[in-house]
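S.K.: Give me a model of this one.
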Amino acid sequence: MDPVWLLDFDGVVNAIGRNPDRSVWPADEWIRAEASDAEETYPIMAARPVLRFITRAHAAGADIRWHSTWQQHIASPTEALGLPELPVLPAPEYLVEEAAGPLAPIPDTWWKEAGGRRTAATGRPMVWTDDDLRDNLGLRTAVDTRPLWPDLPVPTLAISPPRRVGLTPRHLRLIGAFLNLPASA
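M.R.: Next up, the predicted model:
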C-alpha cells in the first residue's frame, strides 16, 4: 500500500518566529506572505525548499493531506505560498473542541490524534509531520519510526520539527525515502 502523509501547517511549513533560521536554510530561501482565516490575517514565513519538496512530492503522486488547525481555511496560506491544492484530513474532533470554547474541560486526547489513528487503522504506511507530536504523543525524539500506537502497528515516520524552523533538509530526505519519491523530489 502507498503511504499517506499527514502534513501540519504551522510549525512545519510555516516557521513560527520573527526571523528565518539561516543555519537551516539560507536567507534567500525564505519567503514571507500573509494568510487569513474568517477573522484575522496571519504572517507566514516558509522555506522555499520545503514548498518545492511538497509540490514535487504531490506531482509525483504522494498522497498528502493537511492535518492542521487551518482546516477549512487552508486554501488561504497554500495559495499565498503557491502550494498545490491538497485535501484536508477530516477531523470532526477539531470542530467539537473549537465549539466547546476556552472554558471547556480539556479532552483526554489531542484532537489530531483521532485523525492519525483513523489513518493508521487503514493499514497504510504513514508519515506524520507536526510540531506538536512530541508534546502530545510523547515521542522521545523529534524523528521516530516506531508505530505511534501499539494496536496499530503500521510503518510510521513521525517528525516533530522545531516550530521556529519547520521541516529541515534532513526531514525532507527522510520523508522522500519513506514515500519512495524519485531523488529529485
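
S.K.: Every contact and neighbour count from this point should use C-alpha atoms.
M.R.: Noted.

S.K.: does Trp5 count as helix, strand or coil?
M.R.: strand (DSSP: H, G, I helix; E, B strand; the rest coil).

S.K.: bridging residues for it?
M.R.: As for beta bridges, Trp5 partners with Ile64, Val127 under DSSP bridges.

S.K.: From what I see, it and Val127 are in contact.
M.R.: Yes - applying C-alpha atoms under 8 Å, one finds Trp5 in contact with Val127, separated by 4.5 Å.

S.K.: All the strands of this protein, residue numbers only.
M.R.: Along the chain, the stretches classed as strands by DSSP state E are 4-7, 30-36, 41-47, 63-66, 126-129, 143-144, 156-159.

S.K.: same for the third one, what does it pack against?
M.R.: Packed against strand 41-47, as judged by 3 or more C-alpha pairs under 8 Å, 6 or more residues apart in numbering; DSSP states H and E, are the following elements: strand 30-36.

S.K.: And the strand it packs on, what does it pack against?
M.R.: Using 3+ C-alpha pairs under 8 Å, 6+ apart, strand 30-36 sits against strand 41-47, helix 75-81.

S.K.: next one: the last one to chain centre, how far?
M.R.: If I follow you right, that is helix 75-81. In terms of C-alpha atoms, centre = their mean, to the nearest Å, the centre of helix 75-81 is found 15 Å from the chain centre.

S.K.: which parts of that helix are buried?
M.R.: 75, 77-78, 81 (16 or more other C-alpha atoms under 10 Å).

S.K.: pLDDT below threshold where in this protein?
M.R.: Scanning the chain for pLDDT under 70 picks out the ranges 94-108, 184-185.

S.K.: how about 90 then?
M.R.: Low-confidence segments of the chain, defined by pLDDT under 90: 1, 17-21, 35-40, 69-76, 90-111, 137-140, 182-185.

S.K.: Just put the strands of the chain in TSV and tack on distance to Arg56.
M.R.: Supplementary listing: those in TSV, determined by distance: least, C-alpha to C-alpha, whole Å:
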stretch	distance to Arg56
strand 4-7	14
strand 30-36	18
strand 41-47	15
strand 63-66	11
strand 126-129	16
strand 143-144	22
strand 156-159	19
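
S.K.: Between those strands, which one is closest to Val165.
M.R.: strand 41-47 (8.5 Å; C-alpha to C-alpha).
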